[in-house]
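> Need the 3D shape of this:
(one chain, ligands or ions: 1)
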Amino acid sequence: MNILVIVGTESGNAQMVGETVGDELARLGHDVTVVEEDAGDLDALALPARTAVLVCTSTHGLGELPDNIIPFADALKAQTPDLSHLKYGIIALGDQTYGETFCKAGKDMDALMAASGAQKRGERLEIDACTQPLPDEDAVDWLKDWLPLLEG
Ligand SMILES: Cc1cc2nc3c(=O)[nH]c(=O)nc-3n(C[C@H](O)[C@H](O)[C@H](O)COP(=O)(O)O)c2cc1C
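This is a model prediction of the structure:
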């Protein structure tokens, strides 16, 4: 499958998770692209050619998107592309001690993908940095359950 991984990160954790997931997808024989910047140019993302998009983002500020994923979010809001052919999943990194804004960027990206018509597959993975020092392990476990859901 042709899978695009879009990373939102401030200090590298979600980047590590996105790259690990990308490596695993490639190892399994998928055609994978991991995008960590300049995702605001939707044409360059070749979305019509993709089977699925996996958004892997942390949350910063008080529930805000990391800077590097804001152009992608803004492009979705401004252009409202028809992504109804795409399946998507969300891996959200956060910290429970932030309370109400726990993993909010992941939740916001989830809503934006759904608003563009993309079809959600699986539950959003929410990784708590406080209790999970190895977020990439959780992500690879989650990926094993997510991939079969893309078949249908
Ligand atoms: C300044 C700051 C603000 C944060 N705000 C939130 C937040 O509102 N909600 C949340 O769930 N996590 C929050 N976090 C936790 C990060 O999302 C978490 O540490 C994550 O692993 C960082 O991933 P990154 O290195 O990819 O940016 C915040 C972390 C920092 C340093």
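> CA atoms for contacts and neighbours, from now on please.
OK.
> residues contacting the spatially most central residue of the chain?
Compute the mean C-alpha point of the chain, and by Cα atoms, centre = their mean the closest residue is residue 55, 0.9 Å away. Each residue near residue 55 by Cα atoms under 8 Å, 6 or more residues apart in numbering is listed here: 5, 6, 7, 8, 88, 89, 90, 91, 106, 109.
> Per-residue confidence at residue 130, what does it come out as?
The model reports residue 130 with a pLDDT of 87.
> Then the one 5 residues further on?
Model confidence at residue 135, expressed as pLDDT, equals 94.
> From here on, call the first residue 148.
In the new count, where the first residue is 148, that last one comes out as residue 282.
> one step back: could you tell me which of the contacts of residue 202 belong to helices?
In this view, the contacts of residue 202 that belong to helices under DSSP state H are 253, 256.
> now the contacts of residue 202 as JSON lines including pLDDT?
Shown next, in JSON lines, are the contacts of residue 202 (pLDDT from 0 to 100):
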{"residue": "152", "pLDDT": "98"}
{"residue": "153", "pLDDT": "98"}
{"residue": "154", "pLDDT": "98"}
{"residue": "155", "pLDDT": "98"}
{"residue": "235", "pLDDT": "98"}
{"residue": "236", "pLDDT": "98"}
{"residue": "237", "pLDDT": "98"}
{"residue": "238", "pLDDT": "98"}
{"residue": "253", "pLDDT": "98"}
{"residue": "256", "pLDDT": "98"}
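> neighbour-wise, which of the contacts of residue 202 leads?
For the contacts of residue 202, the largest number of neighbours (other Cα atoms under 10 Å) sits with residue 155, at 31 neighbours.
> Could you measure from it over to residue 177?
Look at residue 155 and residue 177: by Cα to Cα, to the nearest Å, they are 22 Å apart.
> With residue 277 instead?
32 Å.
> And those two? Which one has more around it.
Taking neighbours as other Cα under 10 Å, residue 277 and residue 177 compare with residue 177 leading, 14 against 10.
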